[in-house]
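Enquirer: return atomic coordinates for the entry below.
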Amino acid sequence: MLPIHFAPLQGFTESAYRLAHSKFAPGIHTYYTPFLRLEKGEVRAKDLRDLQAEHPYHLVPQIIVRDVEEFNHLTKTVTELGFKEIDINMGCPYPMQTKSGRGSGILPHPEKVREILDAINKLSPSSQAACESPKFSIKMRLGLNSPDECLQLLPLLNDAPLAHITLHPRVGIQQYKGALDFETFDKFYSECKHPLIFNGDITDIKQMNYIESRYPQLAGIMIGRGLLANPVLAAQYAGLPCGTATETLLKIHADVAADYARRLQGNAQILDKIRPFWTYADLPKKTRKKIEKSRTFEEYLEAVNELA
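Expert: Numbering: from 1, shown residues only. Here you go, the predicted structure:
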């Protein structure tokens, strides 16, 4: 069985969700935070609070940067909070990030990737300045515009001291549409010197078994949307005791909703935050409509309780 990593998703896998998921759905090797980024030269306070929340599970902060200066700033912030592992987002496909050269937007710029990898090398255990340095990993796409971008970067990546690479076999401009490019993934897999984790469109055990058999040297599988739809997918894959997907969704939802109700004020704030919980779940159309049309928290909970 391959280790299962829970991919970070902005607006979904915040601390309240991660804590509830780890409580009710076993089988996750590592959780990753939604990416930390700089705004006006500083990390957002809400992101720092999320990072410092209770986490009785293996948690790795993810950062997104456009240059080595942002990398140094965010690395310093994260390590000062005591974290020993950092994941670098070179895969985000959303234009708001890619247009600024972050996420998959950095992949067409090997000189910027090289500077970041050089900075990682200076912090590596072989460096005298690295007594407390973290381990670094990278989550990436095949490229922003062309799948060849990842292959052009591979010699640089192979020479860097990375814990692992997670690769999603699409280019950034595809976002989450279109077919996965297994041909390019195969080439990267065969030449990558680091442990490699597969990420992309995993929604059931059949797919997980296929990926495991196709890539026998794979180091793990990372799943995001598939776990939001079926939170016990990792447990089912590992043969661990667990409830049904719906039962577990309701348990996780109860904890997350209670957390938001405690921290937020007013129906609008709470509903705006909690409604997306069901985005990827397979709900009856009638129930989904009621959830979307609810105007008070009570109406919303009444609609959700139809699933019980």
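Enquirer: what residue ranges in the stretch 1-150 of the chain score low on pLDDT?
Expert: Applying pLDDT under 70 to the stretch 1-150 of the chain flags the ranges 125-132.
Enquirer: rerun at 50
Expert: For the stretch 1-150 of the chain, applying pLDDT under 50 flags the ranges 127-130.
Enquirer: and for the stretch 201-308 of the chain?
Expert: Along the stretch 201-308 of the chain, segments meeting pLDDT under 50 are nowhere present.
Enquirer: now the strands for it?
Expert: With strands called from DSSP state E, counting those that start in this stretch, the stretch 201-308 of the chain shows them at 220-223.
Enquirer: repeat for the stretch 51-200 of the chain
Expert: Secondary structure of the stretch 51-200 of the chain (DSSP E, counting those that start in this stretch): strands at 59-60, 62-63, 85-90, 135-143, 162-171, 196-199.
Enquirer: R44 is nearest to which of the ones you listed?
Expert: With Cβ to Cβ as the measure, strand 62-63 is the member of the strands of the stretch 51-200 of the chain nearest R44 (12.4 Å). Any C-beta I mention is one placed from the backbone N, CA and C, and that applies to glycine too.
Enquirer: identify the residues contacting the most centrally placed residue in the chain.
Expert: Centroid check for the chain by Cα atoms, centre = their mean gives P8 as the closest residue, at 2.1 Å. Residues near P8 by Cβ atoms under 8 Å, 6 or more residues apart in numbering: Y32, T33, P34, F35, Q62, G224.
Enquirer: quick check, the fifth one in contact with T30.
Expert: Just to be clear, that refers to Q62. No. With contact defined as Cβ atoms under 8 Å, Q62 does not count as touching T30 (10.9 Å).
Enquirer: those two - which one has more neighbours?
Expert: The residue with more neighbours, out of Q62 and T30, is Q62; 22 against 18, by other Cβ atoms under 10 Å.
Enquirer: distance check, the closest residue to L157 other than its chain neighbours against K251.
Expert: Setting aside the residues directly before and after it, L157 is nearest to I165 in space (Cβ to Cβ, 6 or more residues apart in numbering), at 6.5 Å. For I165, the distance to K251 equals 34 Å [Cβ to Cβ, to the nearest Å].
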